[in-house]
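1. I would like to see how this sequence folds:
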Amino acid sequence: MITMPARKPRRSAAATRRTPLLLDRAALKRRLADDTYDVLVIGGGITGAYAVLDAASRGLRAALVEKDDFASGTSSKSSKMVHGGLRYIEQGNVNLVRHSLLERHRFRKNAPHLVHRLPFLFPILEKEGIFDARLAKGFEGLLWTYDLVGGWRIGKLHQRLTVPEVLAQAPTLRAENLKGGLMYFDARTDDARLVLTIVRTAAALGATVLNGARAEGLLMQRGKVAGARVSADGDSFDIRARAVVNATGVWTDELDAKADDGHAPQVRPAKGVHIVVPWDKVRINCTVTVPIPGRARRATCTRWGNSVVLGTTDEDYQGSPDDVHCTREEMDFLLEGANTAFEGKLTPDDVVGSIGGLRPLVGGKEGATLDMRRDHHITVGRTGMVTVTGGKLTTSRHMGELVIDKVMTVLGRKGRSRTTDLPLLGGAGYDAEAVAASGGIAAHLGERFGTEARFVGDLIQDDPTLAEPIVAGLPYTRAEVVYAARAELARSVDDVLSRRLRARLFARDASAEAAGAVGAVLGRELNLTQAEVERSVSEYLAAVRHEKSVLLEGAAA
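-> The predicted model follows:
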């Protein structure tokens, strides 16, 4: 049996469950159709997830619906950084940085199994760098500001590194112009698993949550929004709610227009992409920030297990928000930056995975998206719908709090947020050092599920074959697929391989080879017909082929 080391937990009945939280789609749909809710949140990204958790923690009868899968939009395609944002200091937005660093601290406290400290390295180069030795002193002043306004909470202050110390962290970095480096500390997370954990924590507190549930229209009563008509699994039903939240990200304007015929579009999508290459091609032990020749944007190269993630871009996007991928031009742009900074030669053949996502920025249509502020916007429309746009992953907890503050106003009720110190499922009692020392499957599961890893371990104890890897070259087990079907509302091969396991990002081709095995597990667990299993597998394989064609052949995204 796999057991997790524990220490005295902080308060949260939801976060210290003694039995696994199992979610049944049929029961959830019946509840959505039968009950009347205080608040219905539409949109299952990071913002909607924290909004429904905040509502449930205040004792509101809360529901959340997501048209595709939790985090299937922007929230599984982010930089995966939980950070204050040095760039925001450069822009003069110190208050955003201060607040972001406080929220980073809360994430690390409430979800220590999911949000981990990450060192960032800025090489100081004699020429062709982000800054040379003359500018390094000024940049170090920014780092002192960063530390003083809240960076210190992570337990380490920034450091100045010698050339040998830089090369110890990044041995393949081109050394001919290297003069040293600066290192500071932020954090990272598996963004899709973080969103899922927030949603599941809300469910443990009584919220009703459902993916694959599209809001086809809004219910109106005396000129006010009073719920939504939803389609899910071929069924249509009405969800009645006293307040409705639009947390649909880049789809915000589409839903706002259903509530108000006179709505003027507000969201300006900005596209960001990342690509993944094998670690042995770069061999870095932290995040290295490198210049892109001829561009203002800095690129980051981050180690993630046996992979390195390269990103990101920040450009206006005019295409469909439902079909966003990294293009050949964008991949070449990131490879050029890496090849300028590191020895060796990365080629398109080295790219094992990619993602493209859209930031739902709010503001004017002029100027570069890179220079636009990342502040959030929360409004109450003339029909009473609360709409939230903008913001970033790091401040999502606070955004959820402010959204429900608005909902309480709509409801005419009072009640304070309780999420500041609320551990997420698996976070209470988690001991990172003990988990890391345990090694093997226990460490792998602990870093994904926290103290809830024992429930996945119970599956393996009952059936040792479930300890077998499901995707060649990756540590994910068959037990995790079973758990995804029983406890995480996974409906399809894509739900599992793209977001529950992240195999599509880190080993795209190997994940395609595993699609049949994943489909077979889902078929048994969800009582699917053979035709349904085959359709799920074929849809995943088609999606992978399309992603590769856009990336490698320059096909239209």
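2. got any ranges where the stretch 451-557 of the chain has weak pLDDT?
-> Counting by pLDDT under 70, the ranges of the stretch 451-557 of the chain that qualify are 555-557.
3. give the buried residues for stretch 314-321.
-> Burial within stretch 314-321, assessed by neighbour count using 16 or more other Cβ atoms under 10 Å, is assigned to 314, 317, 321. Just so you know, the C-beta spots here come from the backbone N, C-alpha and C atoms, and that holds for glycine as well.
4. output the below-cut-off pLDDT ranges for the stretch 1-150 of the chain.
-> 1-16, 127-135.
5. strands along that one, start to end?
-> 36-42, 62-65, 81-82, 115-125 (DSSP state E, counting those that start in this stretch).
6. nearest residue to the middle of the chain?
-> residue 191 (2.2 Å; Cα atoms, centre = their mean).
7. would you check how far apart that residue and residue 119 are?
-> 19 Å (Cβ to Cβ, to the nearest Å).
8. equivalent analysis for residue 356, please.
-> To residue 119, residue 356 is 27 Å away according to Cβ to Cβ.
9. compare neighbour counts for those two and give me the winner.
-> Neighbours per residue (other Cβ atoms under 10 Å) separate residue 356 from residue 119, with residue 356 holding more: 24 against 17.
10. ok, then the element right after the helix or strand that contains that one?
-> Secondary structure from DSSP states H and E places residue 356 in strand 353-362. Downstream of strand 353-362, the next assigned helix or strand under DSSP H and E is strand 376-380.
11. got the angle for that next one vs strand 353-362?
-> 50 degrees (axes from the mean of the first three to the mean of the last three Cα atoms, to 10 degrees).
12. buried stuff in strand 376-380?
-> Quick answer for strand 376-380 (16+ other Cβ under 10 Å): 376, 377, 378.
13. also stretch 259-277?
-> In stretch 259-277, counting by 16+ other Cβ under 10 Å, buried: 259, 263, 266-277.
14. among those, which are located in strands?
-> Among those, the members found in strands (DSSP state E) are 267, 268, 269, 270, 271, 272, 273, 274, 275, 276, 277.
15. quick one: which of these is nearest residue 532?
-> Nearest to residue 532 among these, counting by Cβ to Cβ, is residue 276 at 30.4 Å.
16. dump the residue contacts of the closest residue to the closest one other than its chain neighbours.
-> Nearest non-adjacent residue to residue 276, counting by Cβ to Cβ, 6 or more residues apart in numbering: residue 353, 4.1 Å away. Contact analysis of residue 353 by Cβ atoms under 8 Å, 6 or more residues apart in numbering lists 275, 276, 307, 504, 505, 506, 507, 508.
17. out of those residues, which are inside strands?
-> 275, 276, 307.
18. how about the first one, what does it touch?
-> When contacts are counted by Cβ under 8 Å, 6+ apart, residue 275 touches 309, 310, 311, 326, 331, 334, 335, 351, 353, 354.
19. also residue 259?
-> 218, 225, 244, 246, 381, 383, 385.
20. out of the residues you listed, who has the most neighbours?
-> residue 244 (30 neighbours).
21. and the strand or helix carrying that one, what's buried?
-> Element membership of residue 244, judged by DSSP H and E, is strand 235-246. Neighbour counts over strand 235-246 (16+ other Cβ under 10 Å) mark 239, 240, 241, 242, 243, 244, 245, 246 as buried.
22. and the two most separated of the buried residues of stretch 259-277?
-> 259 and 277 (44.1 Å).
23. most distant residue from the middle of this protein?
-> Max distance from the centre of the chain (Cα atoms, centre = their mean): residue 222, 37.9 Å.
24. what pLDDT does the model give that one?
-> At residue 222, the model reports a pLDDT of 94.
25. same question for the one 5 residues further on.
-> With respect to pLDDT, residue 227 has a value of 98.
26. list the beta-bridge partners for it.
-> Taking DSSP bridges as the rule, residue 227 bridges to residue 219, residue 240.
27. hmm, it is touching residue 40, no?
-> Yes - contact criterion Cβ atoms under 8 Å: residue 227 and residue 40 qualify, at 6.1 Å.
28. what about these two, which has more around it?
-> residue 40 (32 against 23).
29. now the helix or strand encompassing residue 534: buried residues?
-> Taking DSSP H and E as the definition, one finds residue 534 inside helix 530-553. Across helix 530-553, burial judged by 16+ other Cβ under 10 Å covers 533, 536, 537, 540, 541, 543, 544, 547, 548, 550, 551.
30. show the contacting residues for the first one.
-> Contact partners of residue 533, counting by Cβ under 8 Å, 6+ apart, are 519, 520, 522, 523.
31. if we use 6 Å, what do you get?
-> By Cβ atoms under 6 Å, 6 or more residues apart in numbering, residue 533 lies in contact with 519, 523.
32. got it, and residue 276?
-> Residue 276 touches 307, 309, 352, 353, 506, counting by Cβ under 6 Å, 6+ apart.
33. on that earlier part again, just put the ones in strands among the buried residues of stretch 259-277 in CSV and tack on pLDDT and distance to residue 493.
-> Formatted as CSV, those follow (pLDDT from 0 to 100; distance: Cβ to Cβ, whole Å):
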residue, pLDDT, distance to residue 493
267, 92, 31
268, 91, 33
269, 93, 28
270, 93, 30
271, 94, 26
272, 94, 26
273, 96, 23
274, 97, 22
275, 97, 23
276, 98, 20
277, 98, 25
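34. any idea which of the buried residues of helix 530-553 is closest to residue 31?
-> Using Cβ to Cβ, these come closest to residue 31 at residue 536, 25.3 Å.
35. so, low pLDDT: which residues of the stretch 201-350 of the chain?
-> 293-297.
36. who's in contact with stretch 481-499?
-> Looking at what lies outside stretch 481-499 - Cβ under 6 Å, 6+ apart - the contacts are 20, 22-23, 69, 71, 76, 192, 211-212, 456, 459, 470, 500, 503-504, 511, 515, 518-519, 521-522, 525-526, 536-537, 540.
37. check stretch 174-184 too.
-> So stretch 174-184 is contacted by 119-127, 133, 143, 158-163, 166, 343 (Cβ under 6 Å, 6+ apart).
38. and those residues, which of them are buried?
-> Of these, these count as buried by 16+ other Cβ under 10 Å: 119, 120, 121, 122, 123, 124, 125, 143, 158, 161, 166.
39. could you find the closest non-adjacent residue to residue 123?
-> That would be residue 181: by Cβ to Cβ, 6+ apart, it lies 4.9 Å from residue 123.
40. out of the contacts of stretch 481-499, which end up buried?
-> 20, 23, 69, 71, 76, 192, 211-212, 456, 459, 470, 500, 503-504, 511, 515, 518-519, 521-522, 526, 536-537, 540.
41. give me the contact list for stretch 38-53.
-> 55, 60-66, 70, 73, 75, 195, 198-199, 201-202, 207, 215, 239, 241-249, 388, 393, 396-397, 399-400, 403, 407.
42. what's the span of it, first residue to last?
-> 13 Å (Cα to Cα, to the nearest Å).
43. stretch 498-515 too?
-> 11 Å.
44. what sits against residue 212?
-> Taking Cβ under 6 Å, 6+ apart as the test, what residue 212 contacts is 232, 491.
45. can you check residue 403 too?
-> 51, 245, 378, 388.
46. next, count neighbours for the nearest residue to residue 120 once chain neighbours are set aside.
-> Residue nearest to residue 120 in three dimensions, not counting chain neighbours: residue 287, with 4.7 Å by Cβ to Cβ, 6+ apart. By other Cβ under 10 Å, the residues close to residue 287 number 25.
47. who's residue 287 bridged to?
-> residue 120, residue 302.
48. what residues are up against it?
-> 118, 120, 300, 302.
49. reformat these as a markdown table; add distance to residue 29.
-> Below are the contacts of residue 287 laid out as a markdown table (distance: Cβ to Cβ, whole Å):
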| residue | distance to residue 29 |
| --- | --- |
| 118 | 40 |
| 120 | 44 |
| 300 | 41 |
| 302 | 39 |
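50. by neighbours, which of the residues you listed wins?
-> Top of those by neighbour count (other Cβ under 10 Å): residue 302, with 22 neighbours.
51. hang on, isn't that one packed against residue 309?
-> Yes - counting by Cβ atoms under 6 Å, residue 309 is a contact partner of residue 302 at 4.8 Å.
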